[in-house]
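Novice: Below are the sequence and a predicted model for it; my questions follow.
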Amino acid sequence: MEEEEKKENNQVRCDCGRLYLVKTKDGYEFKCPRCKKVHLLRYEELIVKYLTNTKSID
């Protein structure tokens, strides 16, 4: 049962139950619904993108 709970905690799902992302040790994995290719969003890339896309008030 613990292993099943860990899987649930690593998944990001819609309210309807559809799986969007799976958290892994390297980042977030998601599968393209069209071509079925699995993509990886690395944590480092997300952090850099977040830090460099700050909006300044001019």
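Specialist: Yep, it's here.
Novice: which secondary structure elements does the strand or helix carrying residue 49 contact?
Specialist: If you go by DSSP states H and E, residue 49 is part of helix 43-52. Packing partners of helix 43-52 (3 or more CB pairs under 8 Å, 6 or more residues apart in numbering; DSSP states H and E): strand 27-31. Backbone N, C-alpha and C define where each C-beta goes, glycine included.
Novice: bridging residues for the residue nearest the centre of the chain?
Specialist: Centroid-nearest residue in the chain, with CA atoms, centre = their mean: residue 28, separated by 3.3 Å. As for beta bridges, residue 28 partners with residue 23, residue 41 under DSSP bridges.
Novice: what kind of secondary structure is the nearest residue to residue 32 once chain neighbours are set aside in?
Specialist: Once flanking residues are discounted, residue 32 sits nearest to residue 39: 6.7 Å by CB to CB, 6 or more residues apart in numbering. Classification of residue 39 using DSSP: H, G, I helix; E, B strand; the rest coil returns strand.
Novice: Other residues contacting stretch 41-48?
Specialist: 21, 26, 27, 28, 29, 30 (CB atoms under 8 Å, 6 or more residues apart in numbering).
Novice: least trustworthy helix or strand in this structure by mean pLDDT?
Specialist: Ranked by mean pLDDT, DSSP states H and E, the weakest helix or strand in the chain is helix 2-9, scoring a mean of 52.
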